[in-house]
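A.B. asks: Have a look at this fold, sequence not included:
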């Protein structure tokens, strides 16, 4: 039985979803497969850039935060589907060893006009580094079932 149905979500609800960190080897391995740019895969080349070394792919940063969002919230939600993310931004580079806290908050709730058995919940999903700066943010729309009667 899900803990959260559409009726439970209110604008301003917020969750701390846990933390994650990456090693240099994890950054490079992910990037070699999914985002093979030198700033993510080549320490020597990356050291000559403004970043001064390899940084995590924004996709990896996003997926690490999404994983904690799913584990910490959506697994307990009567979620039906998501048509995607909007406003995806990578605000600050993530370096090997950085500790990132994943967070989520409800930014919009609306009843479905076409399907009375569900509603729309918009979440802001984001990662924050140890200095409190946002490294990644996205707005996600999720369809959530209403509580059974």
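C.D. replies: Done, it's in. This one's a predicted model, so the numbers in the text were calculated from it and none came from an experiment.
A.B. asks: If you count contacts, what does whatever helix or strand residue 62 lives in end up packed against?
C.D. replies: Secondary structure assignment for residue 62, by DSSP states H and E: helix 58-72. Using 3 or more Cβ pairs under 8 Å, 6 or more residues apart in numbering; DSSP states H and E, the elements in contact with helix 58-72 are strand 14-20, helix 24-34, strand 79-90, strand 100-111, strand 118-128, strand 134-145. All C-beta spots, glycine's among them, are computed from the backbone N, C-alpha and C.
A.B. asks: Name the residues that touch it?
C.D. replies: Applying Cβ atoms under 8 Å, 6 or more residues apart in numbering, the set of residues contacting helix 58-72 from outside is 15, 17-18, 20, 22, 27, 30-31, 34-35, 85, 88, 90, 94, 100, 102, 104, 123, 125-127, 135-136, 138.
A.B. asks: Selection in PyMOL covering whichever of those residues are buried, please.
C.D. replies: What follows is the PyMOL syntax for the buried subset of the contacts of helix 58-72, where burial is set by 16 or more other Cβ atoms under 10 Å:
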select buried, resi 15+17+20+22+27+30+31+35+90+94+100+102+104+123+125+126+127+135+136+138
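A.B. asks: Can you give me the distance of residue 61 to residue 23?
C.D. replies: When distance is defined by Cβ to Cβ, to the nearest Å, residue 61 is 14 Å away from residue 23.
A.B. asks: more neighbours, these two?
C.D. replies: Neighbour comparison, residue 61 and residue 23: the larger count goes to residue 61, with 25 against 10 (by other Cβ atoms under 10 Å).
A.B. asks: What distance do you get for that one to residue 132?
C.D. replies: From residue 61 over to residue 132 the distance is 16 Å, taken as Cβ to Cβ.
A.B. asks: Also residue 72?
C.D. replies: In terms of Cβ to Cβ, residue 72 sits 20 Å off from residue 132.
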